[in-house]
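Asks: All I have is the shape, not the residue letters:
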């Protein structure tokens, strides 16, 4: 497809039998042929990887993901697992891991729930229930609190208006409501932000952002930054940025995962893998524009070994 913006292409000469034999051989005996694994997984679409999963268990009597898990380690194993999951499985697992154990990965919750369509959220919730035998909304309620919890519950309800029609008068009313609930008063009524940001269609929100810029020098992002804080601020900002420009949002997420000391590998893996068959080409271009350095060079400086090799091939879209 001429308008395809992903970096991973479906292999035109895909042969699940041949690929399965190569993968099986790569994991036989002591040690693992990581290059062979990378050469196949980074050059197959997710749909083709699902065919490999199905054939592998028939041919060799063991689950391919389980075999990878037993032979690989660290961030390379995490990236391979992310590639082998169906997208809905991966999102459900990221959300489960974000709420289980010690602490909460608020950034994963925000990144997934605040950027998905109603249908995607419904599918993720169903997969979550199937895989973990528990309810996503209940787990979110049990692991978060306050206004941030209310935002995530709103997102999880999958009730956003959809469509491309724009009511300019309503956009003006919404902009005024947010202004009166924040900049025009002492204190902030977060419930007004939540109601409008969580219910309006993306097209309607973009119109509201434009109207807000006419009545406030700060703009909607500036208002959120000055009037809210912590996880709630990150949630509102993520929602606004992803609605306004998804590629810019994910470029920012990738930069955040690697800037400063240390690397947020889970965020890095999640952004690279989840966007590889959607818009990673445009995200790379936006990354270069915003940060003056290629995404590939950032990854080279911040990662190592087979993990780095796999990420770079995904990002660069090498055939």
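Replies: Thanks, I have it. All of these numbers come straight from a predicted model, not from anything done at the bench.
Asks: Give me the number of neighbouring residues for the spatially closest residue to residue 109 that is not a sequence neighbour.
Replies: Distance criterion C-beta to C-beta, 6 or more residues apart in numbering; nearest residue to residue 109, sequence neighbours excluded, is residue 98 at 5.2 Å. Bear in mind the C-beta positions are built from the backbone N, C-alpha and C, glycine included. Taking other C-beta atoms under 10 Å as the criterion, the count of residues near residue 98 is 23.
Asks: does residue 98 count as helix, strand or coil?
Replies: Following DSSP: H, G, I helix; E, B strand; the rest coil, we place residue 98 in the helix state.
Asks: ok, it touching residue 113?
Replies: No - under the criterion of C-beta atoms under 8 Å, residue 98 is not in contact with residue 113, lying 9.8 Å apart.
Asks: if we can go back for a sec, pull the contacting residues for the residue nearest to residue 109.
Replies: Residue 98 makes contact with 104, 105, 106, 108, 109, according to C-beta atoms under 8 Å, 6 or more residues apart in numbering.
Asks: Just the buried subset of these, written out for PyMOL, thanks.
Replies: Of the contacts of residue 98, the buried ones go into a single PyMOL selection, burial set by 16 or more other C-beta atoms under 10 Å:
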select buried, resi 104+105+106+108+109
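Asks: Where does the prediction get shaky in the stretch 151-300 of the chain?
Replies: Residues of the stretch 151-300 of the chain that meet the criterion pLDDT under 70 lie in 187.
Asks: could you pull out the helices for it?
Replies: 168-181, 190-199, 202-215, 219-227, 230-244, 246-258, 265-275, 280-291, 295-302 (DSSP state H, counting those that start in this stretch).
Asks: mind giving me a markdown table with the ones you listed and columns for distance to residue 308?
Replies: Below are the helices of the stretch 151-300 of the chain laid out as a markdown table (distance: least, C-beta to C-beta, whole Å):
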| stretch | distance to residue 308 |
| --- | --- |
| helix 168-181 | 43 |
| helix 190-199 | 37 |
| helix 202-215 | 35 |
| helix 219-227 | 33 |
| helix 230-244 | 27 |
| helix 246-258 | 12 |
| helix 265-275 | 11 |
| helix 280-291 | 16 |
| helix 295-302 | 6 |
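Asks: Go through those and name the closest to residue 55.
Replies: Comparison of those against residue 55 by C-beta to C-beta identifies helix 265-275 as nearest, at 21.8 Å.
Asks: so what does that closest one touch, helix or strand wise?
Replies: If contacts are counted by 3 or more C-beta pairs under 8 Å, 6 or more residues apart in numbering; DSSP states H and E, helix 265-275 sits against helix 74-84, helix 87-99, helix 106-113, helix 246-258, helix 280-291, helix 305-316.
Asks: May I see the buried residues of the fifth one?
Replies: Right, the one you point to is helix 280-291. 280, 281, 282, 283, 284, 285, 286, 287, 291.
Asks: quick one, which of the helices and strands packed on helix 265-275 is packed in tightest?
Replies: Comparing the helices and strands packed on helix 265-275 by mean neighbour count (mean count of other C-beta atoms under 10 Å), helix 106-113 ranks first with a mean of 22.
Asks: Give the next helix or strand downstream of that helix.
Replies: Downstream of helix 106-113, the first helix or strand assigned by DSSP states H and E is helix 118-132.
Asks: model confidence over the helix or strand following that next one, on average?
Replies: Next helix or strand after helix 118-132 toward the C-terminus (DSSP H and E): helix 136-143. The pLDDT scores in helix 136-143 average 95.
Asks: Distance from helix 136-143 to the middle of the chain?
Replies: Between the centre of helix 136-143 and the centre of its chain there are 19 Å (C-alpha atoms, centre = their mean, to the nearest Å).
Asks: how much does that helix deviate in direction from helix 87-99?
Replies: Calculated by axes from the mean of the first three to the mean of the last three C-alpha atoms, to 10 degrees, helix 136-143 forms an angle of 20 degrees with helix 87-99.
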